[in-house]
Every structure is written in C-alpha cells, then in structure tokens.
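Visitor: pasted the sequence and its predicted model underneath.
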Amino acid sequence: MRRSTARVTSGLLPLIMKKLLVIGGILAALAVIGFVATAFFLGSVVTAGVNRFGPKITQTKVVLTSASISPLSGTGTLNGLIVGNPKGWSDADVCSLGKIHLDVAPFSILGDHIVINEISLEAPEFNYETKLVASNINDLLKNIEQVTGAKDAPQATAKSGKPIKFEVKKFRLQNGTVRLGVGPAAIKLPMPPIALDDLGTKEGGITPDQLVFAVMRSVTGSVVSATAQAAGKLGGTAGAAAAEGVKSAGEAIKGLFGGKK
C-alpha cells in the first residue's frame, strides 16, 4: 500500500506543478494587462482633461497630443502641448512646450486632491508679439485672469462630485527661449529659469485656472527679464535699430506686467 500511494503521489506532483505554473502564468498576464490598462486609462484621463478644460481657461486653442503616467511610480510625460494665440494676433502659437515631465503622488490623480511632486519643463519655446502697448502674452494672461475665481469658471470634478484641486510641490522651467517678433526679423532670446515651490499647499489645493494663472505670472516675469537683458547686450553689440526695438519691447512689457516679479 505504501508503495502504491507513493507511486500515485509521485504521479500527481507533476500535474499539480503544471497547474500551478499555468495559474501563475495567467495571474502574471492579468497583472500585466491590468497595469497597461491602468496606465493607458490615466494617460487618457490627463489628455482628455487638458484638451477639454485648457481652452476654457485660456480662451484660446490648447492641444495636448498624448500623456503617459505610471500607475505605480506616478512618473509620466505630457507630449506635444501647445497654446494658441489670443484673438487679434498671428496664427502662431503662444508657446510650444514639447515634453513636460511629471512626478505625481501615485493614484492621487484618481481623487479630488491631486498632489504633483514635480513638474519639469525642458526647453519650452514662447512667441512674443507686440502692438503699441499690447502683447499676445498679456492678452493671454488677461484671459486666464477673467476666468480665475469667476462663478462660471470651468471646474473639473472627481467621481465623488467634488471639484478637483491641485498641489504642486515643485515647478521647474529650464532652457526656455522667447522669440521676439514675427517672421524672419524675429529675435530668439534665452529665458531665465523659473522655480516655484508649494503651489496650493497652504490652500489645501488650488483649482486648475488658479494654477495656470500662477505659472503664467512667473512666465511673463521671465519674459521681462529675457527682454531687458537682451536690450542691454544689444545696446553695445548690435545696430541701433535692433537695440532700440528690443529696448522698447522691454519697456512695454514692464509697463504691462509691472516689472519683474
């Protein structure tokens, strides 16, 4: 009997092992499928959110090509974000942000308080246009300001029905450029870096329009600085006409935005 039982047991072991391997393989496949599906879902949510609410906040064209976010680490990338010019300006875009790197607290994107550890923009391009005492960037800032805090401001809501708020611990912009003017005569200027910390932290989160406005105020300050620095350099190295053009633009920007912030 003992020999018979041993034979049966030894015969069952390979079958049990095979079944366990099959089950393990199925579970692993399901985990991979679930991970990919969740990552795709998160990227689609971000892309749809930007494309839906962006134009309402800026009152201009806003297009995000795609987004990818890891559901485990929270790291991700926004690809191909562009913001169009306000009405009355050229058909060019105000800015092309290329790739934006994100570090989000995992799964907070599914709630009503999204915590972003860091937003990093590398080499964004801004187009600056002026008419007398007006500019496309100032008009864009005015559009955002009109929406910010208004009763009819566009609000994104979570599944709970509560409005979504953001907290950004670090915002970094590096190696940006400003194209001053339109066409072949445009001058390309380097932008000073921008570093913002704890946006929305004290408030327990801020709305998307408040976040965009806070960032744009700093961007305009960086444009002011870039133009002022270029005016000084061109005054000693280039023709008088070019120097005067940049100098006038710098003074106009300072008047519009109240100087460097």
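Guide: The structure has been received and is ready for your questions.

Visitor: in the stretch 101-250 of the chain, which spans are strands?
Guide: 113-122, 125-128, 130-131, 134-135, 165-174, 177-180, 187-190, 194-199 (DSSP state E, counting those that start in this stretch).

Visitor: columns distance to residue 83, mean neighbour count and mean pLDDT on top of the ones you listed, output as TSV?
Guide: Quick note: C-beta positions are derived from backbone N, CA and C, even for glycine. Compiled in TSV, those are given as follows (distance: least, Cβ to Cβ, whole Å; neighbours: other Cβ atoms under 10 Å; pLDDT from 0 to 100):
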stretch	distance to residue 83	mean neighbour count	mean pLDDT
strand 113-122	13	18	94
strand 125-128	9	22	91
strand 130-131	18	16	81
strand 134-135	15	19	84
strand 165-174	14	19	95
strand 177-180	14	20	88
strand 187-190	19	16	88
strand 194-199	16	15	96
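
Visitor: tabulate these (JSON lines), appending distance to residue 62.
Guide: JSON lines is the format used below for the strands of the stretch 101-250 of the chain (distance: least, Cβ to Cβ, whole Å):
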{"stretch": "strand 113-122", "distance to residue 62": "15"}
{"stretch": "strand 125-128", "distance to residue 62": "15"}
{"stretch": "strand 130-131", "distance to residue 62": "22"}
{"stretch": "strand 134-135", "distance to residue 62": "19"}
{"stretch": "strand 165-174", "distance to residue 62": "16"}
{"stretch": "strand 177-180", "distance to residue 62": "19"}
{"stretch": "strand 187-190", "distance to residue 62": "24"}
{"stretch": "strand 194-199", "distance to residue 62": "19"}
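
Visitor: report the central residue of this structure.
Guide: residue 100 (5.4 Å; Cα atoms, centre = their mean).

Visitor: how about that one, nearest residue that isn't a chain neighbour?
Guide: Leaving aside its chain neighbours, residue 100 sits nearest to residue 78 (4.1 Å; criterion: Cβ to Cβ, 6 or more residues apart in numbering).

Visitor: so that neighbour sits against residue 64, correct?
Guide: Yes: at 6.0 Å, residue 78 counts as touching residue 64 under the criterion of Cβ atoms under 8 Å.

Visitor: where are the low-confidence patches of this protein?
Guide: Flagging of the chain using pLDDT under 70 yields the residue ranges 1-41, 231-261.

Visitor: so what's residue 168 bridging to?
Guide: Beta-bridge partners for residue 168, by DSSP bridges, are residue 116, residue 199.

Visitor: what does residue 121 give?
Guide: Beta-bridge partners, per DSSP bridges, of residue 121: residue 100, residue 173.

Visitor: cool, and the one 5 residues further on?
Guide: The partner list for residue 126 in beta bridges (DSSP bridges) reads residue 95, residue 178.

Visitor: residues in contact with it?
Guide: Listed by Cβ atoms under 8 Å, 6 or more residues apart in numbering, the contact set of residue 126 reads 94, 95, 137, 176, 177, 178, 179, 191, 219, 223.

Visitor: distance of it relative to residue 135?
Guide: In this view, residue 126 and residue 135 are 11 Å apart by Cβ to Cβ, to the nearest Å.

Visitor: likewise for residue 49?
Guide: Distance of residue 49 to residue 135, given as Cβ to Cβ: 28 Å.

Visitor: do residue 204 as well
Guide: Distance from residue 204 to residue 135, counting by Cβ to Cβ: 34 Å.

Visitor: and if you look at residue 208?
Guide: Relative to residue 135, and taking Cβ to Cβ, residue 208 is found at 24 Å.

Visitor: got it, and residue 56?
Guide: Relative to residue 135, residue 56 is positioned 22 Å away (Cβ to Cβ).
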